[in-house]
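**Student:** only geometry, no sequence info:
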């Protein structure tokens with residue numbers, strides 16, 4: 001990123017293992033350069049600024065403010081399955097997903113993992129600890145090869161102090177996250193697995209869906225991950241997905257789930 005990193009500074013590339021082991025640093029070339037697969041690519045500041053304009057949290061910022069943030073953001077790349085940070089880790093950066101997706105998870109005392117959310121391109125995570133300086137509230141894992149743009153807590157707080165109106169956007173984001181958490185708790189108490197699965201698929205379609213000829217395609221998500229999001233078992237979720245497919249509500253493909261009839265799927269929430 002022009003102006004944000006100089007030649008000789010370091011970028012860490014992370015291993016696919018869920019571990020905190022340190023990997024020897026790679027010398028960070030000039031501008032916003034990072035490793036993606038085996039290729040080294042550069043993200044111009046103008047591209048980062050344009051992406052910020054599409055992200056909900058930064059959408060209200062003017063062009064000059066987005067350009068200033070773009071110069072402060074650092075690209076990070078993570079292999080599938082890498083733990084970006086653990087619950088209770090020290091506060092660090094806010095991340096904006098550029099490509100790929102991440103899972104926000106909590107682990108119970110007996111080792112069971114619950115998936116709280118799945119964030120794709122344009123979504124941000126890590127904002128709570130970046131704002132209050134306390135430990136991370138959940139664990140975040142790369143669900144696939146993922147690239148983020150990281151904004152350090154120091155740069156975030158400086159930007160808020162320089163532009164107080166931006167704090168209102170952060171408050172709005174946190175309020176929407178709280179509403180979603182409340183909805184999940186309500187679903188857990190009042191909806192059966194059928195209703196929870198329907199709600200989950202509708203939500204994923206609205207947040208990450210791609211319109212195609214046959215309906216709306218949701219990016220690939222394993223049945224184990226779906227089960228973790230729904231607080232159920234893989235076997236039960238697999239059986240219900242099969243019933244949805246037999247009823248013509250969805251079609252399961254290697255490149256994702258296609259929802260053929262959103263209205264009928266939403267209707268299952270009202271039964």
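**Tutor:** Cool, the structure landed. What you are looking at is a predicted structure, and each value in this text was computed from that prediction instead of being measured.

**Student:** what does the helix or strand residue 116 falls within rub up against?
**Tutor:** Assigned by DSSP states H and E, residue 116 belongs to strand 113-119. Applying C-beta atoms under 8 Å, 6 or more residues apart in numbering, the set of residues contacting strand 113-119 from outside is 97, 101-108, 125, 138, 143, 180-181, 184, 204, 208, 221, 225, 228-229, 231. In short, each C-beta sits where N, CA and C put it, glycine included.

**Student:** list the buried residues for that strand?
**Tutor:** Applying a neighbour-count criterion of 16 or more other C-beta atoms under 10 Å, the buried positions in strand 113-119 are 115, 116, 117, 118, 119.

**Student:** ok, stretch 242-249 next?
**Tutor:** 244, 249.

**Student:** list the buried residues in stretch 87-104.
**Tutor:** Residues of stretch 87-104 classed as buried: 89, 91, 93-98, 100-104 (neighbour count, 16+ other C-beta under 10 Å).

**Student:** out of those, which one has the weakest pLDDT?
**Tutor:** In terms of pLDDT, residue 91 ranks lowest among the buried residues of stretch 87-104, with 86.

**Student:** that one - nearest residue in space that isn't next to it in sequence?
**Tutor:** Spatial nearest neighbour of residue 91, chain neighbours left out: residue 129 (4.0 Å); criterion: C-beta to C-beta, 6 or more residues apart in numbering.

**Student:** and the one you found, how far is that from residue 262?
**Tutor:** 35 Å (C-beta to C-beta, to the nearest Å).

**Student:** so which of these two has more stuff around it?
**Tutor:** Between residue 129 and residue 262, residue 129 has the larger neighbour count (other C-beta atoms under 10 Å), namely 22 against 16.

**Student:** gap between the helix or strand containing that one and the chain center?
**Tutor:** Per DSSP H and E, residue 129 falls inside helix 127-132. Relative to the chain's own centre, helix 127-132 is displaced by 16 Å; criterion: C-alpha atoms, centre = their mean, to the nearest Å.

**Student:** quick one: low-confidence parts of the stretch 51-200 of the chain?
**Tutor:** Residues of the stretch 51-200 of the chain that meet the criterion pLDDT under 70 lie in 188.

**Student:** and the helices in it?
**Tutor:** 63-72, 127-132, 153-162, 165-190, 193-208 (DSSP state H, counting those that start in this stretch).

**Student:** export these as TSV, with columns for distance to residue 238.
**Tutor:** Putting those into TSV (distance: least, C-beta to C-beta, whole Å) gives the following:
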stretch	distance to residue 238
helix 63-72	43
helix 127-132	34
helix 153-162	41
helix 165-190	20
helix 193-208	11
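
**Student:** what sits against the residue nearest to residue 191 when sequence neighbours are not counted?
**Tutor:** Of all residues not flanking residue 191 in the chain, residue 199 sits nearest, at 6.7 Å (C-beta to C-beta, 6+ apart). Going by C-beta under 8 Å, 6+ apart, residue 199 touches 187, 191, 269.

**Student:** what's around residue 216, how many residues?
**Tutor:** Close neighbours of residue 216, defined as other C-beta under 10 Å, add up to 23.

**Student:** can you tell me which helix or strand it belongs to?
**Tutor:** strand 215-218.

**Student:** which strands and helices sit next to that strand?
**Tutor:** Secondary-structure packing of strand 215-218 (3 or more C-beta pairs under 8 Å, 6 or more residues apart in numbering; DSSP states H and E): helix 193-208, strand 210-212, strand 256-259.

**Student:** so which of the ones you listed is nearest residue 167?
**Tutor:** The closest of the helices and strands packed on strand 215-218 to residue 167 is helix 193-208. By C-beta to C-beta, the value is 24.2 Å.

**Student:** what angle separates the closest one from helix 165-190?
**Tutor:** 160 degrees (axes from the mean of the first three to the mean of the last three C-alpha atoms, to 10 degrees).

**Student:** tell me which residues of helix 193-208 are tucked away?
**Tutor:** Result for helix 193-208 [16+ other C-beta under 10 Å]: buried residues 193, 196, 197, 198, 199, 200, 201, 202, 203, 204, 205, 208.

**Student:** now do stretch 184-193: everything it contacts.
**Tutor:** Here stretch 184-193 has contacts from 116, 195, 196, 199, 230, 231, 232, 236, 237, 240, 269, using C-beta under 8 Å, 6+ apart.
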